[in-house]
Each structure stands twice: as C-alpha cells, then as structure tokens.
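K.L.:
Sequence isn't available, so here's the structure alone:
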Ligand SMILES: Cc1cc2nc3c(=O)[nH]c(=O)nc-3n(C[C@H](O)[C@H](O)[C@H](O)COP(=O)(O)O)c2cc1C
C-alpha cells in the first residue's frame, strides 16, 4: 500500500550524518535532497562524528536500569520529535558506517527503557536512507537497503528507500549527474509501510 505523503509544514526531518569525515559525499547528496523539501518543512541535522556518543552497552536485561548520557538523551529527543528520519551513511563494507550503526543500536535501548513509548512513537514515521559509495553499481548497496527496510518493518515505520550516489574523494558525488537528479525528487516519492518478506508473502496469499 502506498500513500501520498508529500512533505509539508507538518513534517520534521532529522538528518543523521554518519560519515567519519566532514563535508563528505553523503552529506552533499543529503543536502541536495533536503534543498528540495517544501518551505516550512523543519530540518534538524546532527553529525554523529561530532558527538561524544559512547558505544552502546546492552543494559536491556539489567535489573538496576542504566544511566542515560547527555548525548544519548539529545539524540533520543531529536529522534522521537522527527516525523522523518534520514540515515545519511556512507557505504562502508556494504552496509552502514560504524557511527550510524552505533546510533541505531541505541534504538534497542530506547525500545526497552522503563516506561518507554519509543515503539509507539516511531510507528507510522518514515525512515529514509542516503548513501555515497565508491562502486558505480548501486546493486552493491542491497545489503544496506535490506537493513533499512527491516529496521523500518520492525518498528512499523514507512520506508522511503535509499538514495545512492557515486564518489570516493569528497565532492566527487557532484559529478554523478544521475544521483543529483534523483536527489531533487527523492523526498517527494510515495512511501509505503515497510514489510518483512514473510509478511509480504502472507499478504499475497
Ligand atoms: C571504511 C570504509 C569502507 C568502505 N566500504 C565501501 C564499500 O563497501 N563499497 C563501496 O562502494 N565503497 C566503500 N567505501 C568508499 C566510500 O563509500 C566512499 O568513499 C564514499 O564517498 C564515502 O562517503 P563520505 O564522503 O560521505 O564519507 C568505503 C570507505 C571506507 C572509508
């Protein structure tokens, strides 16, 4: 099922930059897509490499609970306040960068925080992906698409898809004309609720 979800003033985009270098290709591509968002659409940008976020520690089954750090709390607030979460991660070893993966791991903690309504709040929101990669064939990013789709399916979110661009040196993605064209309409595309493959099979029976 797809629905017209054209962004507007009621939408608030969180851009999570996950490169390990500043002003890289992924950010350039994400900013090119963001430029096309309608006026009034709120945007909040965070650069994970600039934040002192420690590695996630799995305290989900500890009876004493766990202490929430300042950076973690800032990120949690930014995440739950967004209607749209854009993971802008370079393709590292065919999947998310470590910075981005670390941020996502925190979602598991937020899901099981005492009194947490994280799962309810995320349901119905939209997850998007933006990635830059050295390979010219976007098929090598299929693993990343699967990760994002399944993450969205688990949280009953919509999945907007993955915007890809080619580049190795910073700035090189600007030479990928097709990627820059795709960026112009990326956030205007229709989105659907993400489904696990077994759910799609059951629905088609
Ligand atoms: C640790 C690391 C792993 C990488 N893995 C891949 C990969 O699996 N496939 C690929 O096509 N490019 C890979 N690259 C190249 C980057 O995706 C490419 O340089 C991209 O432009 C980096 O984006 P950025 O400028 O936003 O950091 C890798 C680069 C690094 C540093």
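P.N.:
Structure's in. What do you need? Treat the numbers as computed from the prediction; the structure is a model and nothing was measured. Numbers count the residues shown, from 1 in each chain.

K.L.:
Where does residue 19 sit, in terms of helix or strand?
P.N.:
Assessed by DSSP states H and E, residue 19 sits outside every helix and strand.

K.L.:
Return the distance of the residue of the chain found nearest the ligand relative to residue 31.
P.N.:
Closest approach between the chain and the ligand, counting by CB to the nearest ligand atom: residue 24, at 2.4 Å. For the C-beta atoms, the positions are set from N, CA and C on the backbone; glycine is no exception. Noted for residue 24: a distance of 11 Å to residue 31, by CB to CB, to the nearest Å.

K.L.:
got it, and residue 101?
P.N.:
22 Å.

K.L.:
Next up, the contacts around the residue nearest to residue 103 when sequence neighbours are not counted.
P.N.:
For residue 103, ignoring the flanking residues on the chain, the nearest one in space by CB to CB, 6 or more residues apart in numbering is residue 48 at 5.7 Å. Contact analysis of residue 48 by CB atoms under 8 Å, 6 or more residues apart in numbering lists 16-18, 99-100, 102-103.

K.L.:
just residue 194 next, same as before
P.N.:
Taking CB under 8 Å, 6+ apart, we find residue 194 in contact with 127, 149-153, 157-159.

K.L.:
next one: residue 27
P.N.:
Taking CB under 8 Å, 6+ apart, one finds 17, 19, 47, 88 in contact with residue 27.

K.L.:
Secondary structure element holding it?
P.N.:
Going by DSSP H and E, residue 27 is part of helix 25-34.

K.L.:
any idea of the mean pLDDT in the one helix or strand residue 198 maps to?
P.N.:
Residue 198 is located in helix 197-204, with elements delineated by DSSP H and E. Averaging pLDDT along helix 197-204 gives 87.
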